[in-house]
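> show me the folded form of this:
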Amino acid sequence: MSYCKDEGKDKVIFVTEKDHNTPSTAKLDWEDEENDDQPGLILNDGSINWDCPCLGGMASGPCGIEFREAFSCFHYSKEEPKGTDCLDQFRGMQACMQQYPTLYPTSQDEKEEDLVAAVDDLEKDGTSSAGSGSEIVDNKAKEDINIEQPEKTGSAS
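Next up is the predicted model:
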């Protein structure tokens with residue numbers, strides 16, 4: 001005999017072994033939503049659904065054209081790794097977004113990640129002449145939090 005018992009916010013369901021082995025016929029609410037013909041980001045034909053709420057209005061904002069160009073390029077890219085042929089479009093989108101800092105704010109963490117990524121790229125290319133990447137990042141971090149460097153005193157003789 002199966003039965004339910006409410007314990008505060010929890011509901012405990014006791015079932016017999018026979019009930020447990022019988023497949024459920026319950027229908028969940030979200031299963032109905034799948035049949036509402038609301039397409040996702042990528043439509044059945046492989047094209048991009050610019051009206052998808054998952055884009056958060058990016059496709060229609062002040063940088064919508066740049067966003068659509070960059071995203072389209074990435075979506076249809078055949079390069080390996082995917083999107084490496086889209087750097088100019090993403091740079092254009094980033095330049096546009098920087099013109100609207102209140103709409104597209106950047107966090108301090110993102111700035112630090114960008115700095116580390118730029119240093120890593122310089123080290124890979126061998127074009128860094130300012131010392132190691134870790135020195136640049138360390139010095140930048142010390143500047144950001146205003147740590148004074150102790151002066152070196154004396155010399156080893």
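> now Glu69: how far from Gly61?
Computed with Cβ to Cβ, to the nearest Å, the distance linking Glu69 and Gly61 is 14 Å. The way it works is simple: take the backbone N, C-alpha and C, and place the C-beta from them, glycine included.
> next one: Asp120
Distance from Asp120 to Gly61, by Cβ to Cβ: 30 Å.
> so these two - more neighbours on which side?
In this view Asp120 and Gly61 are compared by other Cβ atoms under 10 Å, and Gly61 has more residues nearby, 17 against 13.
> which pLDDT value goes with Gly56?
pLDDT for Gly56: 87.
> ignore what I typed, I meant Thr22.
pLDDT at Thr22 comes out at 86.
> and it, how many residues sit next to it?
Thr22: 10 surrounding residues under other Cβ under 10 Å.
> who's in contact with it?
Listed by Cβ atoms under 8 Å, 6 or more residues apart in numbering, the contact set of Thr22 is empty.
> apply 10 Å and report the result again.
15-16 (Cβ atoms under 10 Å, 6 or more residues apart in numbering).
> which ones are touching the closest residue to Cys86 other than its chain neighbours?
Excluding its sequence neighbours, the residue lying closest to Cys86 (Cβ to Cβ, 6 or more residues apart in numbering) is Cys73, at 3.8 Å. Cys73 sits next to 79, 83, 85-90 when contact means Cβ under 10 Å, 6+ apart.
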